[in-house]
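In: Test case, fold it:
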Amino acid sequence: MRANAIEEPARQVPVYGEYDVVVLGGGPAGIAATVAAARAGRRTLLIERYGFLGGMGTAAGVTNFCGLHANVFGEMHRVVQGIASDLLARIDRLGGLNAPHLILGKIFAQAYDTAAYKIAADDLLTHHKVDILFHALGAGVVMDGSRIRALMVETKAGRQAVLASIFIDCSGDGDLAVWAGAPHEVGDNAGGMLYPSMMFRLNGIDPSKAGDAWRTIPALMEKAEAAGTHKFPRKSAIVRPQKSQIEWRVNFTQVTRSDGSAISGIDPDGMTRGEIEGRRQAVEAFAFLRTVPGFENSYIVDLPPQLGIRETRRVIGGYMLSGEDVLGCASFEDSIGVNGWPKESHVPGDVVFEFPPIPESRGYNELPYRMLVPEGVDNLLMAGRCASMTHEGQSAARVSGACFVMGEAAGTAAALALSGNTIPRDISVEKLQQQLKTQGAFIGRDQAVPAGL
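Out: Residues are numbered from 1 along each chain as shown. Next up, the predicted model:
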């Protein structure tokens, strides 16, 4: 008979190190959290499963910052500042940052080169003397009552334990919080999640022939489907140039289970199927793009290390940001920053965007500190797409702009908690807000909207 489980013998696990603050996950939230904590004088470690930083922005080849800007009464403003500005400046100095570009006719996004992002992130963290542990996969926790005593990681050196006074979960999937017993939800609580995508990049495009191809490609897709030569998994394709006009980023894909629902980023078998299916869809999209003027001699220059995951677990905190908060441009007394990205619903075969009224509204919602503080665990914060949001709220505030905001606030809050010998839940939010503003962050409230783009 096949065994359903085996018993693992008890063992002594070596301690890798002991820190004030440990951050799991090196995406935008993790980058900002570690820099904020280290800049406040706290010994900080960032743990990342890959050998580079950037999260989905590099590992999934997103190559585009969303949510840095907001459409404020009909005018574009960069509403995410602070540590994000420092990182973007470093990318720009490497020649890897595009000028912001208009999408959907309503909001700005900003493309970047993934290699420049990786190098700039390394530079930012080393400048602030952050300790980094690459190629380390979080594997569990050891609890002491309602506190996390140690995070267990698996490395090529075997299993190791990392001790800290405060932990910050920037894993995207809420791994650390869930291991610690924090309550959470998955997707829409009915088995549905935002669909993953497989991004890829093309080189060898003729810019003079391609022109503004992103404007004409949707009609060409409809024509190809009507002729029966191609079938596309979703309508809202992304095909836009990088800084070098001979290179374009592409996303035609929507990766599903056999029943049409989204592949789950926390199901190993599903992820395995999704990686294979995503690459298959990318190749089919490429075959179509070779028929578009300017793309005839193009070739795939990069398929990223992994499938792009938009949503899995969402940890329940003191407040869950909702879709109504996004569309209503909600304000909060404990705001730690803002989100200007709209609701982005990935429905079967399409992507649907819902904006606050334009140009009648300020175009952004504030993000409350309570969404970073989980229920039931005393020395834990979370930031990024696993923070406390509803399924609809997360569709907006999961993007990189809001992740930078949440990460900087979480790292700053951890340092304040340690300075005051208290737990993150009980810090002075007023002190946190003042510190964030001192660091150059825009938190909404009584501040003037930043003028720069």
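In: Do a quick rundown of the helices in the stretch 151-300 of the chain.
Out: Using DSSP state H, counting those that start in this stretch, the helices of the stretch 151-300 of the chain run over 175-179, 207-210, 213-227, 268-289.
In: Next: the stretch 1-150 of the chain.
Out: With DSSP H, counting those that start in this stretch applied, the stretch 1-150 of the chain shows helices at 28-39, 56-59, 83-93, 114-127, listed in chain order.
In: okay, now the closest residue to residue 401 other than its chain neighbours: neighbour count?
Out: Nearest residue to residue 401, sequence neighbours excluded (Cβ to Cβ, 6 or more residues apart in numbering): residue 67, at 2.6 Å. For every residue, glycine as well, the C-beta is placed using N, CA and C. Other residues near residue 67 number 29, with proximity taken as other Cβ atoms under 10 Å.
In: can you pull the pLDDT of residue 67?
Out: Among the per-residue scores, residue 67 holds a pLDDT of 97.
In: Tell me who's in contact with it.
Out: With contacts defined as Cβ atoms under 8 Å, 6 or more residues apart in numbering, residue 67 is in contact with 80, 339-341, 397, 399-403.
In: shaky segments in the stretch 351-453 of the chain?
Out: Scanning the stretch 351-453 of the chain for pLDDT under 70 picks out nothing.
In: all strands in it, in order from the N-terminus.
Out: Taking DSSP state E, counting those that start in this stretch, the strands of the stretch 351-453 of the chain run over residues 365-368, 380-382.
In: Can I get these in JSON lines including distance to residue 157?
Out: Converted to JSON lines, the strands of the stretch 351-453 of the chain look like this (distance: least, Cβ to Cβ, whole Å):
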{"stretch": "strand 365-368", "distance to residue 157": "38"}
{"stretch": "strand 380-382", "distance to residue 157": "26"}
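In: Comparing those strands, which comes out most buried?
Out: Neighbour counts averaged per stretch over these are highest for strand 380-382, at a mean of 30; criterion: mean count of other Cβ atoms under 10 Å.
In: hang on, the earlier thing: looking at the strands of the stretch 351-453 of the chain, spot the one closest to residue 43.
Out: strand 380-382 (16.7 Å; Cβ to Cβ).
In: So which other helices or strands are in contact with the closest one?
Out: strand 158-169, helix 175-179, helix 400-419 (3 or more Cβ pairs under 8 Å, 6 or more residues apart in numbering; DSSP states H and E).
In: Which strands border the first one, and is each parallel or antiparallel?
Out: Its sheet considered, strand 158-169 pairs with strand 15-24 (parallel), strand 147-155 (antiparallel), strand 380-382 (parallel) by DSSP bridges.
In: Tell me which of the ones you listed sits most buried.
Out: Across those, the average number of neighbours (mean count of other Cβ under 10 Å) peaks for strand 380-382, which reaches a mean of 30.
In: Please state the offset of that one from the chain centre?
Out: Remark: strand 380-382 is offset 16 Å from the chain centroid, using Cα atoms, centre = their mean, to the nearest Å.
In: Offset the numbering so it begins at 5, please.
Out: Will do, 5 is the new start, and the previous item becomes strand 384-386.
In: and residue 13, how many neighbours?
Out: 5.
In: The closest residue to residue 55 other than its chain neighbours and residue 57: what is the separation?
Out: Excluding the flanking residues, the one nearest residue 55 by Cβ to Cβ, 6+ apart is residue 138, at 4.7 Å. Relative to residue 57, residue 138 is positioned 9 Å away (Cβ to Cβ, to the nearest Å).
In: the more surrounded of these two?
Out: Looking at residue 138 and residue 57 with other Cβ under 10 Å, you find the greater number of neighbours at residue 57, namely 28 against 14.
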